[in-house]
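Engineer: below is the structure, and that's it, no one-letter string:
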Ligand SMILES: O=c1ccn([C@H]2C[C@H](O)[C@@H](COP(=O)(O)OP(=O)(O)OP(=O)(O)O)O2)c(=O)[nH]1
């Protein structure tokens with residue numbers, strides 16, 4: 001699949017061949033560093049603008065290293081970039097640690113996964129089919 005991209009960050013994009021892993025790193029594209037105080041959240045621009053085909057979404061996901069080592073994650077994970085969105089991809093970072101976290105220009109702050117999604121025709125009905133689970137959910141089977 002080919003996807004049009006405007007790359008204002010001048011970051012090197014991974015080639016098709018090297019994309020063995022799912023995600024492409026997203027880097028901060030900022031003129032000044034951004035500080036996130038504990039429990040603070042900010043939208044960090046990436047300098048990337050996408051034109052996704054219909055039926056495709058881009059998911060903004062956290063980097064596990066940042067989460068495990070710094071307590072910084074993507075607040076709305078996975079963030080959804082819609083096919084018809086033409087603005088700059090932003091990363092909603094939140095600092096869940098007890099220390100300030102500083103984002104510098106060019107730092108890898110998240111990753112982007114390109115995913116297909118289904119389009120559904122909603123069929124309104126009065127009843128749904130019966131199953132063993134029925135309405136049980138949210139931990140109804142316990143933990144052991
Ligand atoms: O992590 C994210 C999430 C969203 N977006 C952009 C692309 C997406 O297409 C648009 C809208 O996102 P979403 O549908 O999640 O937000 P909303 O709160 O429903 O806003 P809207 O009313 O603009 O649809 O914002 C990002 O750049 N990064």
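Structural biologist: Looks like it arrived, so ask away. Everything quoted here is computed from the prediction, not taken from an experiment.
Engineer: give me the neighbour count for residue 27.
Structural biologist: Neighbour count of residue 27, defined by other CB atoms under 10 Å: 22. Backbone N, C-alpha and C define where each C-beta goes, glycine included.
Engineer: list the residues that contact it.
Structural biologist: Neighbour list for residue 27: 9, 11, 46-47, 106-109 [criterion: CB atoms under 8 Å, 6 or more residues apart in numbering].
Engineer: now do the end-to-end distance for stretch 121-133.
Structural biologist: One end of stretch 121-133 to the other measures 25 Å (CA to CA, to the nearest Å).
Engineer: other residues contacting that stretch?
Structural biologist: residue 140.
Engineer: what's the answer for stretch 68-84, then?
Structural biologist: 36, 41, 50, 52-62, 66-67, 89, 91-98, 101, 109-110, 112-113.
Engineer: so among the residues you listed, which ones count as buried?
Structural biologist: Buried members of the contacts of stretch 68-84, counted by 16 or more other CB atoms under 10 Å: 36, 41, 50, 52, 56-62, 66, 89, 91-97, 101, 109-110, 112.
Engineer: just those that are near the ligand?
Structural biologist: By CB under 6 Å from any ligand atom, the members of the buried ones among the contacts of stretch 68-84 lying near the ligand are 60, 89, 92.
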